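Colleague: requesting a structural model of the entry that follows:
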Amino acid sequence: MSREVQREKTREKKKKIAYFDYNLLFLVIFLLSFGLVMLYSSSAYISANKYGDDAYYLKRQIRNIAIGAVMMFITAKVDYRVWKKFGWLAYFGSFFLCVIVLIPGIGSSSHGSSRWLGVGPISFQPSEVAKLGMIFFMAMLIEKFPRQMGDWKTLLKLLAFSIPVVGVIAAANLSTAVIVFGMVVCMLFVASPKYSHFVIVGVIGVIFGVCFIMGAGYRASRVQAWLHPEAAGDKGYQTLMGLYAIGSGGLFGKGLGESLQKLGNVPESQNDMIFTIICEELGLFGAVCLILLFILLIWRMMVIANNSQDLYGSLIVVGVMAQVAIQVILNIAVVTNTIPNTGVILPFVSYGGTSIIFLMTEMGLALSVSKGIKLESIE
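Modeller: Numbers count the residues shown, from 1 in each chain. Sure, this is the predicted structure:
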């Protein structure tokens, strides 16, 4: 048998072997494990005082991760192209859920806004459902007009579809609306051959955001607390305590479990502000290592998106990647007082129910897309 024939058979064999991104899976597992350690460290004191169990939040987070792991396994096993059939259902379902949560008596409140829906003993955030729903919908919609994406009118039409869902979410949760809108823009940006259009979209988005913030008194007060946290009283307290925690950590931190600010000083130390406790206990070194892990995670999703066998799969991964990247940036920007305070958790690390379950489901989608990659295409 000639060498050329052997090489041809080897190539054919390679084409039949599917790729699976274990690097992405291991990064997710590592981040979740690190998150559990830091969650226990940051919440043990609060849990013991509030619930009489220092592992209260840890146990619930393990339960949420277990549910998320099942969802991740299912979505990783199912062919991602199946979800293309449910694009419109995901869109209207997301809109419906985000509307009914605003109806008095149906949605339950969190920090003064209706954000939760209850179905028997189960409660969830419709805005988290909307993130996944908009990824399915926009990926399906953009795939239908690949050659028209350079046209300004097509871009505006596709962008307009996101406005109803984003607007309804913004009524109760501006930070989540920013994340969803950012996801949509990133997906359109990747599919469009012309980038100049997005400069105009960015300017319009900033103007709209400023008007929306100044239109509500409590949002405007957050801006004032951001500019002058020391003079904002209770509204600037969380920011100041978080900055104290970050500053006291120094280069290598006080040591795991040695934070002082988590002893009732930093509100929501297990949620939005967990990054401040990481900085205090592990220092700048630990914070940089965590950020590098997120960068690696985003890079692996970029590899999957670039090598996806079709545009639909690539757009799904871009949507998931954009969500993670935007949440990480917003969370770190908030705790360092770079932007006004918003309720954005740190992915995989902060305590959360609906958020961690749907985030792990999205990781399963990215893994499902990776299975369609051929080894030969990434060599």
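Colleague: and S162, how far from I169?
Modeller: As for S162, its distance to I169 is 10 Å (criterion: CB to CB, to the nearest Å). Glycine gets a C-beta too; all of them are placed from N, C-alpha and C.
Colleague: wait, L346 sits on F275?
Modeller: Yes: using CB atoms under 8 Å, L346 is in contact with F275, at 5.5 Å.
Colleague: neighbours around the residue nearest to I373 when sequence neighbours are not counted, how many?
Modeller: In this structure, I373 finds its nearest non-sequential neighbour in Y19, 4.1 Å apart by CB to CB, 6 or more residues apart in numbering. Residues lying near Y19 (other CB atoms under 10 Å) number 16.
Colleague: now swap in L188 and tell me
Modeller: L188 - counted by other CB under 10 Å - has 23 other residues nearby.
Colleague: doesn't it lie inside a strand?
Modeller: No: looking at L188 with DSSP: H, G, I helix; E, B strand; the rest coil, it is helix, so not inside a strand.
Colleague: mind listing what it touches?
Modeller: M138, I142, M149, L155, L158, L159, F198 (CB atoms under 8 Å, 6 or more residues apart in numbering).
Colleague: residue contacts, the third one?
Modeller: Spelled out, that is M149. I142, L155, L188, A191, S192, P193.
Colleague: hang on, the fourth one packs against L315?
Modeller: To tie it back to what came earlier, the one meant is A191. Yes: with contact defined as CB under 8 Å, A191 reaches L315; the gap is 6.7 Å.
Colleague: hmm, Q323 and M183 touching each other?
Modeller: Yes: using CB under 8 Å, M183 is in contact with Q323, at 5.3 Å.
Colleague: between those two, what contacts are shared?
Modeller: Counting by CB under 8 Å, 6+ apart, the residues touching both M183 and Q323 are K131, I135.
Colleague: the closest residue in space to S94 that isn't next to it in sequence: which element?
Modeller: Spatial nearest neighbour of S94, excluding adjacent residues (CB to CB, 6+ apart): G133 at 3.5 Å. According to DSSP states H and E, G133 maps onto helix 126-143.
Colleague: before we move on, what about K235?
Modeller: Here K235 is covered by helix 234-249, with elements defined by DSSP H and E.
Colleague: mind listing what's buried in that helix?
Modeller: Across helix 234-249, burial judged by 16 or more other CB atoms under 10 Å covers 235-246, 248-249.
Colleague: make TSV out of the residues you listed and add distance to G105.
Modeller: Below are the buried residues of helix 234-249 laid out as TSV (distance: CB to CB, whole Å):
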residue	distance to G105
K235	29
G236	33
Y237	32
Q238	30
T239	34
L240	37
M241	35
G242	35
L243	39
Y244	41
A245	39
I246	41
S248	45
G249	45
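Colleague: understood, closing this out.
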